[in-house]
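1. Next one to model:
(one chain, ligands or ions: 2)
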Amino acid sequence: MASLRFSVPHLPGPRFKRRPVRCAGERQELFNCIAPVYDNLNDLLSFGQHRIWKRMAVSWSGAKPGDSVLDLCCGSGDLTFLLSEKVGSYGKVTGLDFSKELLSIASSRQCLLSNACNNNIEWVEGDALDLPFSNGNFDAITMGYGLRNVVDRRQAMREMFRVLKPGSRVSILDFNKSMQPFTALFQEWMIDNVVVPTATVYGLAKEYKYLKASINEFLTDALEYSTQQNIALKKQQQCDTYSVPAMAVLM
Ligand SMILES: C/C(=C\Cc1cc(O)c2ccccc2c1O)CCC[C@H](C)CCC[C@H](C)CCCC(C)C
Ligand SMILES: C[S@@+](CC[C@H](N)C(=O)[O-])C[C@H]1O[C@@H](n2cnc3c(N)ncnc32)[C@H](O)[C@@H]1O
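-> Residues are numbered from 1 along each chain as shown. Ligands and ions are numbered 1, 2, ... in the order given. Predicted structure coming up:
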């Protein structure tokens, strides 16, 4: 136990950098509110599958040892920690989010990890729509369940491509409303009969009804999305299976 305490990576000064956040207060409040149960509910509601989806997203980001990478809308840090392992001690990972509560959980989780390479993480409280980084800064970006939740998706993507080095990748993981009628019905049924009732037990019915609404209105086609913004899309991969995530790798 004592050795764990000494091997814990402590960030100097405040636990994460503070930057001014100008954003949709309601969504920020929603994520602060679900923070204490967020990780448990993800395991419960996805039957642990979200861990596999997140590994895929990190692998598709192309992040490699020594890289400097950004995990946007990092929440409690699942993707950030996976990236940290990928880039190793010569690399650097920045996890950015506007939820103080989720960032605080991420930072506490980092303290519990004994993995020395987790020293390479910096937590930044900030707005995905106004990134506090210079142009061409990162070798890769991941965004897990973030794009659907920002109030201005175009601006979020503009910012991602601004801070990314030319030729690098953005890996976006999110839920997809299936194009296949049977799968779409199954997804709706699961959300109405499993997801929302389970969240209700935690007093979070409103928050998870929002999740359902946001999945329904989310654009299913990242290609169309990028074309609208004149972003050169060289590669796109999507999953549309029995499960819910859509995954897109944009380069
Ligand atoms: C990974 C999960 C949730 C992430 C998540 C994303 C959001 O945008 C939110 C917004 C507001 C509140 C909370 C969240 C949030 O938690 C957990 C999975 C949730 C899915 C909706 C679960 C759906 C289950 C599938 C229909 C069936 C899955 C089958 C599986 C492959 C066995
Ligand atoms: C569903 S959570 C995903 C968290 C994490 N990436 C994961 O995969 O578990 C969505 C996250 O987006 C963050 N978020 C939404 N809009 C944001 C914005 N404009 N700037 C920064 N973070 C934002 C929320 O605070 C929340 O942590």
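
2. Please name the bridge partners of the residue of the stretch 101-250 of the chain found nearest ligand 2.
-> Relative to ligand 2, the nearest point of the stretch 101-250 of the chain is Gly144 (3.0 Å; CB to the nearest ligand atom). No exception for glycine: its C-beta is placed from N, CA and C like everyone else's. On the basis of DSSP bridges, Gly144 is bridged to Leu173.

3. correct me, but it touches Arg55?
-> No: using CB atoms under 8 Å, Gly144 is not in contact with Arg55; the gap is 10.9 Å.

4. Who has more neighbours out of these two?
-> Taking other CB atoms under 10 Å, Gly144 and Arg55 do not tie; Gly144 has more neighbours (25 against 13).

5. Show the secondary-structure elements that the helix or strand harbouring Met157 is packed against.
-> Under DSSP states H and E, the secondary-structure element containing Met157 is helix 153-163. Helices and strands touching helix 153-163, by 3 or more CB pairs under 8 Å, 6 or more residues apart in numbering; DSSP states H and E, are strand 68-72, strand 138-144, strand 164-175, helix 222-228.

6. Between those, which one is closest to ligand 1.
-> Nearest to ligand 1 among the helices and strands packed on helix 153-163 is strand 164-175 (6.2 Å), distances taken as CB to the nearest ligand atom.

7. Please point out which parts of that closest one sit buried.
-> Neighbour-count burial for strand 164-175 flags Leu164, Ser168, Arg169, Val170, Ser171, Ile172, Leu173, Asp174, Phe175 (criterion: 16 or more other CB atoms under 10 Å).

8. so what does it touch, helix or strand wise?
-> Using 3+ CB pairs under 8 Å, 6+ apart: strand 164-175 touches helix 49-60, strand 138-144, helix 153-163, strand 245-250.

9. among these, which is the most enclosed?
-> A comparison of the helices and strands packed on strand 164-175 by mean neighbour count, using mean count of other CB atoms under 10 Å, puts strand 138-144 on top with a mean of 26.

10. All set, thanks.
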